[in-house]
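In: below: sequence and its predicted model.
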Amino acid sequence: MSSVEPAGFLSLSDVTPDPKAARLLPPAVARRCRALPIALDGDCVTVAMADPTDRAAREAVMAALQAPSAPATVRPSQVYLVQGDPALIDDWLRLAEVALAPEQPAGASPTEPPIGLWLPEPLAHDGGEVVAYAEQLAALLAAPLRRFNPSAGRPDEVSFPSHPERRLLVLPCLSYGQVEPLLEVGRGAAALLVCRPRWPLRRLLLIVRGDPVDDAALAWAAWLARASQAAVTALMVAPHVPTTPSPPTGDDIANLLSPHDAAGHRAQRTAQSLAALHLDAVLHLRQGPPETVIRRELASAPYDLGITGIAARGAEAQWRLRPLLRRLLPDLPCPLLVTGYR
């Protein structure tokens, strides 16, 4: 096999990584070198790097791709290094860590399940409905369904020690008072509030902001969409901030699409994240108070599940966990999956 050397550099501003290619580089090497394989063509792999002129990083990437532990069928004979946007590479790596579970070799015994569902006990009067929904969801995701006692503290972490962000806590609809402490003890877990359950999952609403708060919500949308083949709509909420004086076009939603506008930059990040996860989603950009925009979108189509990332702490009051849930949940027409971010 010929030695692997860079074949040239090409700056790419917008690319979509191939999940099979992304798995070729160990996560530790990818993070350290800020590198991500984005395309695989036979035994040739294209790797995007934040700085392909960094000789040490380049050699580390090539050594990892040529490691004897790598399967011979994917060990490349030629590596093409291209320069990618560092922030975009970081976004891909964050998403890949959460959403791209490693593939099992043919005939290998499965290791830990990628996702686990947890139900609190005891449940209130609507417990039967919540249990039935949790059982359907667990079957869809081929995930174990376990019980925990919220008053006893942290859910058992033995089963899923390395991926707490893949633990889903299934709760009755009006248990928003429990969500924040459970997200704290779950250290990255998500919470599903079962409001007016709809099954099967045919249409998902992914509510995004265009920043790292979205990452875990994007991953859950990808898992659920792949398992259910549901259609996905991504709702980008751009809160309106009035200014004085305001130009006549200040409220024009088209202004928010400009890459020079903060909301436009966030919308671009969202579109790139959806592409990186191979989520074929329709992206809606709406302006206004989050709870108003979300409520209107949910009323516009028969969505079966809403998914959003909400900061447990932070300065953006419109996105704080408990006030937003308190305003949304009483008349929410479908369950809502909430992922935490601190």
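Out: Cool, the structure landed.
In: avg pLDDT for stretch 51-61?
Out: Per-residue confidence for stretch 51-61 averages out to 91 on the pLDDT scale.
In: er, stretch 302-321 actually
Out: 73.
In: could you point out the helix or strand that follows the helix or strand where Leu328 lies?
Out: Per DSSP states H and E, Leu328 falls inside helix 321-328. Counting by DSSP H and E, the element after helix 321-328 in chain order, helix or strand, is strand 336-341.
In: buried residues in that following strand?
Out: Leu336, Leu337, Val338, Thr339, Gly340, Tyr341 (16 or more other Cβ atoms under 10 Å). To be clear about C-beta, it is placed using only N, CA and C from the backbone, and glycine gets the same treatment.
In: next one: stretch 115-123
Out: Buried residues in stretch 115-123, defined by neighbour count with 16+ other Cβ under 10 Å: Ile115, Gly116, Leu117, Trp118, Leu119, Pro120, Leu123.
In: got the contact list for the fifth one?
Out: Leu119 makes contact with Val130, Val131, Ala134, Leu145, Arg146, Arg147, Phe148, Val170, according to Cβ atoms under 8 Å, 6 or more residues apart in numbering.
In: for PyMOL, what selects the buried ones among these?
Out: Here the buried members of these are turned into a PyMOL selection, burial being counted by 16+ other Cβ under 10 Å:
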select buried, resi 130+131+134+145+148+170
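In: can I get the helix holding Leu328 in PDB? Just the C-alpha atoms.
Out: What follows is the C-alpha trace of helix 321-328 in PDB, where atoms were taken according to Å, rounded to 0.1, in the frame of the first residue of the first chain:
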ATOM      1  CA  LEU A 321     -37.000  26.000  30.800                       C
ATOM      2  CA  ARG A 322     -39.800  26.300  33.300                       C
ATOM      3  CA  PRO A 323     -41.500  29.500  32.200                       C
ATOM      4  CA  LEU A 324     -41.600  28.300  28.600                       C
ATOM      5  CA  LEU A 325     -43.000  24.900  29.500                       C
ATOM      6  CA  ARG A 326     -45.600  26.500  31.800                       C
ATOM      7  CA  ARG A 327     -46.800  28.700  28.900                       C
ATOM      8  CA  LEU A 328     -46.800  25.900  26.300                       C
END
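In: show me what counts as buried in it.
Out: With the criterion 16+ other Cβ under 10 Å, helix 321-328 contains buried residues Leu321, Leu324, Leu325, Arg327, Leu328.
In: summarise which helices and strands that helix is packed against.
Out: Using 3 or more Cβ pairs under 8 Å, 6 or more residues apart in numbering; DSSP states H and E, the elements in contact with helix 321-328 are helix 176-186, helix 290-300, strand 305-311, strand 336-341.
In: kindly export the third one (C-alpha atoms) in PDB.
Out: Included here for strand 305-311 are C-alpha records, laid out as PDB according to Å, rounded to 0.1, in the frame of the first residue of the first chain:
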ATOM      1  CA  LEU A 305     -44.200  15.200  18.400                       C
ATOM      2  CA  GLY A 306     -42.300  18.400  19.200                       C
ATOM      3  CA  ILE A 307     -38.600  18.300  19.900                       C
ATOM      4  CA  THR A 308     -36.600  21.200  21.300                       C
ATOM      5  CA  GLY A 309     -33.400  22.100  23.200                       C
ATOM      6  CA  ILE A 310     -33.900  24.500  26.100                       C
ATOM      7  CA  ALA A 311     -31.300  26.100  28.300                       C
END
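In: since that was my last question, I'll sign off now.
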